[in-house]
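K.L.:
3D, please:
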Amino acid sequence: HLVESGGGLVQPGGSLRLSCAASRFTSSSYVMSWVRQVPGKGLEWVSTINNDGEDTTTYAESVKGRFTSSMDNAKNTLYLQMNSLKPEDTAVYYCAPGGNPTVLLGGPYDYWGQGTQVTVST
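P.N.:
Purely as a prediction, here's the structure:
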């Protein structure tokens, strides 16, 4: 069970930190992603953090250098630090298990959270 939080209204250039609390992670190895959805448009992959042997974090070009994904294992919480926000970052943000783009972009699924709204506007 995933619960996202931390969204809100922020001015361009501002920052937000999203959180994704998981009821539990089944093991110390995990692959978790952030995806976002603009109303009326499809899902866009944002980031995947892979601790399942690869220990890598990848980002979409549109957010690279501005967003940072991290995991607090002790708290079973995934974070997305978003800096230098732009109006085009406005979307509902979801955290999701796994990193398969085909699966992710077919969401949102029932086992995802409800998402958290991020609005970047003056």
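K.L.:
what is the one residue sitting closest to the centre of the chain paired to in the beta sheet?
P.N.:
Centrality entry for the chain: nearest residue to the mean C-alpha point is W34, 2.6 Å, by CA atoms, centre = their mean. The residues listed as beta-bridge partners of W34 by DSSP bridges are S47, C95.
K.L.:
could you pull out the helices for the chain?
P.N.:
Read by DSSP state H, the chain holds these helices, from start to end of the chain: 101-104.
K.L.:
hmm, what's the outermost residue in it?
P.N.:
T122 (23.1 Å).
K.L.:
now do that residue against D55, distance only.
P.N.:
Between T122 and D55 the distance, using CB to CB, to the nearest Å, works out to 39 Å. For glycine as for every other residue, the C-beta is placed from the backbone atoms N, C-alpha and C.
K.L.:
cool, and T119?
P.N.:
Taken as CB to CB, the spacing of T119 relative to D55 amounts to 33 Å.
K.L.:
now do L80
P.N.:
18 Å.
K.L.:
equivalent analysis for L105, please.
P.N.:
Applying CB to CB, one obtains 24 Å for the distance of L105 from D55.
K.L.:
between these two, which one's more packed in?
P.N.:
The neighbour comparison of L105 against D55 (other CB atoms under 10 Å) goes to L105, with 13 against 9.
K.L.:
quick check: V35 touching L105?
P.N.:
Yes: between V35 and L105 there is a contact under CB atoms under 8 Å: 7.4 Å.
K.L.:
between the two, which contacts overlap?
P.N.:
Among the neighbours of V35, those also in contact with L105 (CB atoms under 8 Å, 6 or more residues apart in numbering) are 43, 45.
K.L.:
tell me which residues touch G107, please.
P.N.:
G107 sits next to 35, 43, 94, 96 when contact means CB under 8 Å, 6+ apart.
K.L.:
count the neighbours of Y59 for me.
P.N.:
When neighbours are counted by other CB under 10 Å, Y59 registers 18.
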